[in-house]
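> Give me a model of this one.
(one chain, ligands or ions: 1)
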Amino acid sequence: MNPTVHIEDTPVRAFAYHEIHNLTVNDVYCITPELFLQHLWTMRDSVSENIQSLMITFDDGHYSNFRFAAPLLEFAALHGHFFLPSTWIGQRSGFMSWQDVRELAARGHRIGSHSATHAFLPSCSPTAMYEELAGSRFALEDQLGMSVTSISMPGGRWNEEVLRACAMAGYETVYTSEPGFYRPAINMDELRTPAVIGRFAIQRRTSLRAISGYSSGDRMTVRRIHSMYQARNSVKRLLGDQAYQRLWSHLFRATPN
Ligand SMILES: [Zn+2]
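Okay, the predicted model is just below:
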């Protein structure tokens, strides 16, 4: 049995955001608070009868997530799921402090890991992988005083080995950047692997129509978004990671998430 299914058949509609900022940041993943609010209303309208299926997630822990995204989510009566590289918190300018993260959790938002240092996990040694997965979880749990069972994959990179390591590090849910992708938790060699939830990574130019179609699980939209993702991945494989990143930053002045 193929353990992967697409999102139109599941109740999961997960979106991945990065920076929400009203300054003109030259990054294709950075969107303004006004546009973000439009996205939220569009999602709400499209899934009106099943609001629980919406998962609005944020990677990297930008301070603008705390400053703009959280209040707007609350205004729209929604909650966010924030994935943070544990060693960046309180250490990098423009990113959240531990106090900010604790406040987000206290306001009912979910906190997950985005590894410890934002390393691409498939290229980590077993020792480094342990530090990235279990280390980041322990750091977050220590600081927040609550259990952390979800993680999103830095750069969207993962494989079976990473998934197995996530299971051993105590994660129940793994979020990727593959739109429309969903794989329920499965038993693998007596180890229960986490559920894998794909996400639609939102860019500044993403249309409201695409957001609406994805939210409602419209098959045509989900497939179109998924094939665009696959096309981009083929270019990545063809060029190799480093050349792809150079090309990407040259074209869009951004780091692939
Ligand atoms: Zn990231």
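> can we go C-alpha only for contacts and neighbour counts from here?
Fine.
> what about the strands in the stretch 151-257 of the chain?
Applying DSSP state E, counting those that start in this stretch to the stretch 151-257 of the chain gives strands spanning 173-175, 181-183, 187-188, 191-192, 195-197, 200-201.
> With distance to the ion, mean neighbour count and mean pLDDT as added columns, please give those in JSON lines.
Output for the strands of the stretch 151-257 of the chain, formatted as JSON lines (distance: least, C-alpha to the ion, whole Å; neighbours: other C-alpha atoms under 10 Å; pLDDT from 0 to 100):
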{"stretch": "strand 173-175", "distance to the ion": "11", "mean neighbour count": "24", "mean pLDDT": "97"}
{"stretch": "strand 181-183", "distance to the ion": "18", "mean neighbour count": "23", "mean pLDDT": "90"}
{"stretch": "strand 187-188", "distance to the ion": "27", "mean neighbour count": "10", "mean pLDDT": "81"}
{"stretch": "strand 191-192", "distance to the ion": "25", "mean neighbour count": "13", "mean pLDDT": "86"}
{"stretch": "strand 195-197", "distance to the ion": "16", "mean neighbour count": "21", "mean pLDDT": "95"}
{"stretch": "strand 200-201", "distance to the ion": "11", "mean neighbour count": "24", "mean pLDDT": "96"}
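> In JSON lines, list those strands along with distance to Glu160.
Output for the strands of the stretch 151-257 of the chain, formatted as JSON lines (distance: least, C-alpha to C-alpha, whole Å):
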{"stretch": "strand 173-175", "distance to Glu160": "12"}
{"stretch": "strand 181-183", "distance to Glu160": "12"}
{"stretch": "strand 187-188", "distance to Glu160": "10"}
{"stretch": "strand 191-192", "distance to Glu160": "12"}
{"stretch": "strand 195-197", "distance to Glu160": "11"}
{"stretch": "strand 200-201", "distance to Glu160": "21"}
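> got the end-to-end distance for stretch 104-120?
Start to finish, the residues bounding stretch 104-120 are 26 Å apart (C-alpha to C-alpha, to the nearest Å).
> And it, what's buried?
104-105, 109-120 (16 or more other C-alpha atoms under 10 Å).
> Out of those, which sit inside helices?
Leu104, Ala105 (DSSP state H).
> Touching, His18 and Asp59? I think so.
Yes: counting by C-alpha atoms under 8 Å, His18 touches Asp59, with 5.4 Å between them.
> So which helix or strand of this protein has the lowest pLDDT on average?
helix 241-252 (a mean of 69; mean pLDDT, DSSP states H and E).
> For the stretch 1-150 of the chain, just list every one of the helices.
Ranges of helices in the stretch 1-150 of the chain, per DSSP state H, counting those that start in this stretch, are 33-46, 63-64, 70-75, 98-106, 126-130, 136-144.
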